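A.B. asks: this one's structure only:
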């Protein structure tokens with residue numbers, strides 16, 4: 001079971017989601033998407049909350065309002081953290097999560113600690129938590145299939161970009177050849193290589209004589 005929430009409308013069209021329990025979190029860790037940002041209460045047990053960013057956006061693009069929604073939801077879903085003021089919530093891109101066999105279920109580390117950010121949550125804001133809970137939807141998604149569908153779409157997009165690049169390169173090549181041909185043609189038409197009527201007359205032959213030579 002996965003719980004889905006809608007962020008405040010003024011923050012944009014964003015989905016926040018989390019697993020039912022630590023076992024569900026294992027699948028979320030395994031089948032996340034590059035656009036996902038992971039949130040967790042620092043040094044305490046809590047739900048694993050994910051924010052799905054828009055395609056092409058990074059962690060730096062999270063607005064203050066959106067960050068507050070995620071942090072409040074994490075705090076509210078921590079048995080210990082929900083009772084504590086002035087706690088820290090850490091967040092990092094999904095692809096920075098590190099999972100090794102020796103770790104307990106639901107436990108993660110980080111590939112690069114420099115990609116981990118921290119936000120201080122002074123207290124629970126019921127107005128925010130209640131608003132988010134009103135948008136909650138429970139689903140049992142096929143996370144593996146969703147990830148495979150995402151990967152297939154990414155491959156198709158890369159192939160389309162490669163085709164477009166090759167097409168542009170071919171058009172540019174043909175245009176260069178055309179321009180080179182035009183320059184070559186213009187070179188044949190320069191005045192030094194042309195014969196005028198004046199040049200003919202200077203050679204001392206009449207038009208009739210030239211015609212007879214030609215015949």
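C.D. replies: It's in. Predicted model only: the values in this text are computed from it and were never measured. Numbers count the residues shown, from 1 in each chain.
A.B. asks: Chain neighbours aside, what residue packs nearest to residue 32?
C.D. replies: Spatial nearest neighbour of residue 32, excluding adjacent residues (CB to CB, 6 or more residues apart in numbering): residue 94 at 3.7 Å. Where you see a C-beta, it was placed from the backbone N, CA and C, and this is true even at glycine.
A.B. asks: For that neighbour, give me its contacts.
C.D. replies: When contacts are counted by CB atoms under 8 Å, 6 or more residues apart in numbering, residue 94 touches 29, 32-38, 50.
A.B. asks: Let's see that with 10 Å instead.
C.D. replies: By CB atoms under 10 Å, 6 or more residues apart in numbering, the contact list for residue 94 reads 28-29, 31-38, 50-53.
A.B. asks: could you measure it against residue 30, distance?
C.D. replies: 10 Å (CB to CB, to the nearest Å).
A.B. asks: any idea how far residue 146 is from residue 32?
C.D. replies: Taking CB to CB, one finds residue 146 at 10 Å from residue 32.
A.B. asks: swap in residue 124?
C.D. replies: Residue 124 is 27 Å from residue 32, by CB to CB.
A.B. asks: Ok, residue 5 next?
C.D. replies: From residue 5 to residue 32 the distance is 17 Å (CB to CB).
A.B. asks: Hmm, residue 110 is touching residue 116, no?
C.D. replies: Yes - if you go by CB atoms under 10 Å, residue 110 and residue 116 touch, sitting 5.7 Å apart.
A.B. asks: joint contacts of the two?
C.D. replies: Common neighbours of residue 110 and residue 116, counting by CB under 10 Å, 6+ apart, are 38, 90, 92-93, 96.
A.B. asks: Most neighbours out of the residues you listed, which is it?
C.D. replies: In terms of neighbours by other CB atoms under 10 Å, those top out with residue 38 at 26 neighbours.
A.B. asks: Thank you kindly, that will do.
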